[in-house]
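[1] fold the following.
(2 chains)
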2 protein chains.
Amino acid sequence: MKKIALGVLMFTISFTASAQQEDVKMIKSIFDTELTQGQSYEMLDYLTNSIGARLSGSPQAAAAVEWSKQVMESYGFDRVYLQEVMVPHWIRGEREQARVLNSPKHGRVELNVRALGNSVGTGSDGVLAEVIEVKAISELEKLGKKALENKIVFFNRPMDQTKITTFSAYGGAVDQRVFGASEAAKYGAKAVIVRSVGTVADDYPHTGTLIYDEKQPKIPAVAVSVKDADVLTEILKDTPQVQLYIETHCEMLPDVLSYNVIGELTGSEKPDEIIVISGHLDSWDLGTGAHDDGAGCVQAIEGLRIFKELGYKPKRTIRAVMYMNEENGLRGGKKYAEVAKEKGENHIAALESDSGGFSPRGFRMTGNDNDLKKVRSWQPLFEPYGIYDFDKPGGGADIGPLEDQGTLLIGLMPDSQRYFAYHHTDNDTFDKVNKRELELGAAGMAALVYMIDKYGL
Amino acid sequence: MKKIALGVLMFTISFTASAQQEDVKMIKSIFDTELTQGQSYEMLDYLTNSIGARLSGSPQAAAAVEWSKQVMESYGFDRVYLQEVMVPHWIRGEREQARVLNSPKHGRVELNVRALGNSVGTGSDGVLAEVIEVKAISELEKLGKKALENKIVFFNRPMDQTKITTFSAYGGAVDQRVFGASEAAKYGAKAVIVRSVGTVADDYPHTGTLIYDEKQPKIPAVAVSVKDADVLTEILKDTPQVQLYIETHCEMLPDVLSYNVIGELTGSEKPDEIIVISGHLDSWDLGTGAHDDGAGCVQAIEGLRIFKELGYKPKRTIRAVMYMNEENGLRGGKKYAEVAKEKGENHIAALESDSGGFSPRGFRMTGNDNDLKKVRSWQPLFEPYGIYDFDKPGGGADIGPLEDQGTLLIGLMPDSQRYFAYHHTDNDTFDKVNKRELELGAAGMAALVYMIDKYGL
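    This next block holds a predicted model:
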């Protein structure tokens, strides 16, 4: 008995060692291929510079759908198809204006603002009112209707720069942008101006979605650049009764038919087990959505392309999914999960890259303990590539709706320091992306998909 | 006996736990202070944008010496002083030219070149000759004098993009730039043109030092941009006999008196044990030396400034050292070690930041096993800040000369993906530096100095 057990053990060890060697080799092939013959950077160049910003419902979003379909067809994936989804169609309209009119010390001061996504516009009459500065939504109740009625509420809580991961700081500040308008409307405010949720003190307003509470009046909302938020607070210290004029021409039009774009390598052994690798195709209308989330889209396509290039035939079905409308509705992510449930599909894992095309440092995961333990045991295979952190919880907005189907959710975690310098601004452009950093993320995602495909969950 | 041993053990454990808590707290204070009230970014702005490029022997290098002395004095460090060092004085002169003259297919083609540092110039007559392309110095011997005499040798081995740490790829390609000229001169070559040692296919030549073998004739040497290296190799495929014209006006002038700049917090308990935190003040004359190595200088100053700001009084002596002439002579680093030896100073550790102001990932170290083990045991204190890799060997060029004095050498290891996009080019400018990334490096260095100061080596 002992001899047999020893024999089994020896076989297991030698099998494990040889399987591990094979994995080391395959993962190196994935990285080598991407770093020397990668096409993610060229794809991103086209998507950002030839198509441009891709807000849901825009002609450019339609172009991006067509482009990503054609690209995946040209790579010869087994299936490429569109999934219909109705999306909101918000347009920014004429350039926004904001100015302080009657500061005795500062005179007339123009402020850099951009409307928040989904906001109603002021129209040509604009909004002119006194400004009440607050640092948090919780202050509104104390101030009450008396102080807030007919005022413009200025939400001015900065990101907490002591957070090492900037996404934590973002999470701690973004409620003002998302909920501030309706919260202020409860007390009769006429509009809101929100300090940009960004890490850099510059002149670029950071747009981003707001969500209206349907029970409240919809009031206009703008983001002001970090520098000008500091200007405004200085002015208010001198002249609390200062008048602020805001003019925006944005509006929400009827929903538009759009699409998630899906490319697939069909599994050779277990085609019914699906692994998703994904990003979102839509972007804000400022900049060209290079880091958010052109990077994630081309990394997803690149994962399947590398497998084709290496002649790797997955056992399971691997889908590159480009969701539509992450930014101001999440309709694509919801639709994808809804269809998956209707069809009774079995998604064992879903990866998303939506934290920028920077040097990868790890993966954030949400799932059951066994899956987490299994994926974490692969960490040593990734550490040579600078991908070391498998410990933190997370996933991605678009893959979130798959959670209740038992899918392991995985978000690529790049270095986060630069992300909120560009996020949702005119600065989120191709020149801010480093080719090697983008490629390391693409290869890291592909390598993890390879491991999940090989060993299952 | 057992009870006493248990008591000692319990005391040790509780002492260790409380000391560790203190360290966690202190390190968090260092990071918080730097990320909210840091001055490294503003210092770097001045050094790069108001002073500019700081090649050894230049007026700007003198300005940088004066500036860093004044800055450290203004912060009230215990001692601030200059250390004399004679440095080479190489000047670039008029803008370089290079063109292919007689390509039947391509016609006349201008190439983007910059002279390599320390190179002799061609003068106004230029050099006109046929081109022999090689991929490695080792090919020269096989080609011999017959093939190489009176030719321009084109060294065209690219960086190996499959290396994950770009410094490894740099190490594998830079011999062509450093030794190519004299190696080619051995066989009668008239000049060399070297493919830029850079990761990005763009139009920016990467300069950098060459070292002449004094036994060989000194021949002119230029770096050509990566894109134009690819152009030249294409032309040579069509027309091997093509004539290349190179004109450079650089020259080496007599040595100039310059300085290392040193600021010190004198130790309260063991002032004779010295810890150095450092960068090099000189830069190439292209760009403004923001990542190489303005970043390291301001991070070094910042380390001492943070201690002052936090009211931390070091037990040991901590010196911020800004070496002169790392780029084309290493005179400052050598001088510093020489003086330390003469004075019988005891440098227990020397840190250098000279790999760019990017997000830190770890420290590279060279030293005895006990020191390495001790510092590596602190890794868990740094991991929350994304600084996780303490395993790799390394240090820094300027601190290298201290090695034979038993000093533990430590190099800050930032993410390396972007470094060789900018290194030694017009692109190494302040706008390529992210404030938070720079600050995380500064705080990481200060935190490690704190630990070494507290626990010794």
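
[2] quick one: name the residues of chain A near chain B.
    A:31-32, A:35-36, A:161-162, A:164, A:166, A:199-200, A:359, A:361, A:384-386, A:388-389, A:415, A:417-418, A:421, A:434-437, A:440 (C-beta under 8 Å from any C-beta of the partner chain). Quick note: C-beta positions are derived from backbone N, CA and C, even for glycine.

[3] and A:K313, which of the three is it?
    coil (DSSP: H, G, I helix; E, B strand; the rest coil).

[4] residues near it, how many?
    13 (other C-beta atoms under 10 Å in any protein chain shown).

[5] which pLDDT value does the model give it?
    With respect to pLDDT, A:K313 scores 97.

[6] surely it and A:T266 touch.
    No. Judged on C-beta atoms under 8 Å, A:K313 makes no contact with A:T266 at a distance of 9.5 Å.

[7] need the buried ones from the residues of chain A next to chain B selected in ChimeraX.
    The following ChimeraX line selects those of the residues of chain A next to chain B that are buried, judged by 16 or more other C-beta atoms under 10 Å in any protein chain shown:
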select /A:31,32,35,161,164,166,199,200,359,361,385,386,388,389,415,417,418,421,434,435,436,437,440
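
[8] now the helices for the stretch 151-300 of chain A?
    Using DSSP state H, counting those that start in this stretch, the helices found in the stretch 151-300 of chain A span residues A:166-171, A:175-185, A:226-238, A:295-310.

[9] show me the residues of chain A next to chain B that map onto strands.
    A:R361 (DSSP state E).

[10] so for stretch A:114-128, mean pLDDT?
    Mean predicted lDDT for stretch A:114-128 stands at 98.

[11] same question, stretch A:423-442
    98.

[12] circling back to that earlier point, with respect to B:G121, which of the helices of the stretch 151-300 of chain A lies nearest?
    helix A:295-310 (44.4 Å; C-beta to C-beta).

[13] could I get the CA-only coordinates of that closest one as PDB?
    Extracted in PDB, the C-alpha atoms of helix A:295-310 (Å, rounded to 0.1, in the frame of the first residue of the first chain):
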ATOM      1  CA  ALA A 295      -7.600  49.800 -23.500                       C
ATOM      2  CA  GLY A 296      -9.900  47.200 -22.100                       C
ATOM      3  CA  CYS A 297     -11.500  46.500 -25.400                       C
ATOM      4  CA  VAL A 298      -8.300  46.000 -27.400                       C
ATOM      5  CA  GLN A 299      -6.900  43.900 -24.500                       C
ATOM      6  CA  ALA A 300     -10.000  41.600 -24.700                       C
ATOM      7  CA  ILE A 301      -9.800  41.200 -28.500                       C
ATOM      8  CA  GLU A 302      -6.000  40.700 -28.200                       C
ATOM      9  CA  GLY A 303      -6.500  37.800 -25.800                       C
ATOM     10  CA  LEU A 304      -8.400  35.800 -28.400                       C
ATOM     11  CA  ARG A 305      -6.000  36.900 -31.100                       C
ATOM     12  CA  ILE A 306      -3.000  35.700 -29.200                       C
ATOM     13  CA  PHE A 307      -4.600  32.300 -28.700                       C
ATOM     14  CA  LYS A 308      -5.200  32.100 -32.500                       C
ATOM     15  CA  GLU A 309      -1.600  33.200 -33.200                       C
ATOM     16  CA  LEU A 310      -0.200  30.600 -30.900                       C
END
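
[14] packing partners of the helix or strand that that helix is followed by?
    Using DSSP states H and E, the helix or strand that follows helix A:295-310 in sequence is strand A:316-323. Other helices and strands packing on strand A:316-323, by 3 or more C-beta pairs under 8 Å, 6 or more residues apart in numbering or on different chains; DSSP states H and E, are helix A:59-74, strand A:251-265, strand A:270-280, helix A:295-310, helix A:331-343, helix A:435-455.

[15] give me the sheet partners of strand A:316-323 and which way each runs.
    strand A:251-265 (antiparallel), strand A:270-280 (parallel) (DSSP bridges).

[16] out of these, deepest packed?
    strand A:270-280 (a mean of 23; mean count of other C-beta atoms under 10 Å in any protein chain shown).

[17] from the centroid of chain A, which residue is nearest?
    A:D354 (3.9 Å; C-alpha atoms, centre = their mean).

[18] wait, isn't that residue in contact with A:C297?
    No. Applying C-beta under 8 Å, one finds A:D354 not in contact with A:C297, separated by 9.6 Å.

[19] what do these two both touch?
    Common neighbours of A:D354 and A:C297 are listed as A:G279, A:H280 (criterion: C-beta atoms under 8 Å, 6 or more residues apart in numbering or on different chains).

[20] the domain parsing of chain A - what is it?
    A:29-86+A:255-455, A:96-253 (automatic domain parsing).

[21] for chain A, which spans come out with low pLDDT?
    Within chain A, the ranges that satisfy pLDDT under 70 run A:1-15.

[22] same thing but at 90, please
    Counting by pLDDT under 90, the ranges of chain A that qualify are A:1-19, A:102-107.

[23] which residues of the stretch 51-200 of chain A fall in strands?
    A:79-91, A:97-103, A:107-110, A:113-115, A:127-134, A:152-155, A:191-195 (DSSP state E, counting those that start in this stretch).

[24] show me what the last one is packed against.
    Using 3+ C-beta pairs under 8 Å, 6+ apart as the contact test, the elements touching strand A:191-195 are strand A:127-134, strand A:152-155, helix A:175-185, strand A:221-224, helix A:226-238, strand A:243-247.

[25] return the list of helices and strands in contact with the last one.
    So the one you mean is strand A:243-247. strand A:97-103, strand A:127-134, strand A:191-195.

[26] what sits up against the first one?
    It stands for strand A:97-103. In contact with strand A:97-103 (C-beta under 8 Å, 6+ apart) are residues A:106, A:108-113, A:126, A:128, A:193, A:222, A:224, A:232, A:235, A:238-239, A:242-248.

[27] out of the residues you listed, which are buried?
    Among those, those buried by neighbour count (16+ other C-beta under 10 Å) are A:109, A:111-113, A:126, A:128, A:193, A:222, A:224, A:232, A:235, A:239, A:242, A:244-248.

[28] what residues are bridge-paired with A:E133?
    A:F154.

[29] run a quick neighbour tally on it.
    When neighbours are counted by other C-beta under 10 Å, A:E133 comes out with 18.

[30] list the contacts of it.
    Taking C-beta under 8 Å, 6+ apart, one finds A:F154, A:N156, A:L232, A:T233, A:L236 in contact with A:E133.
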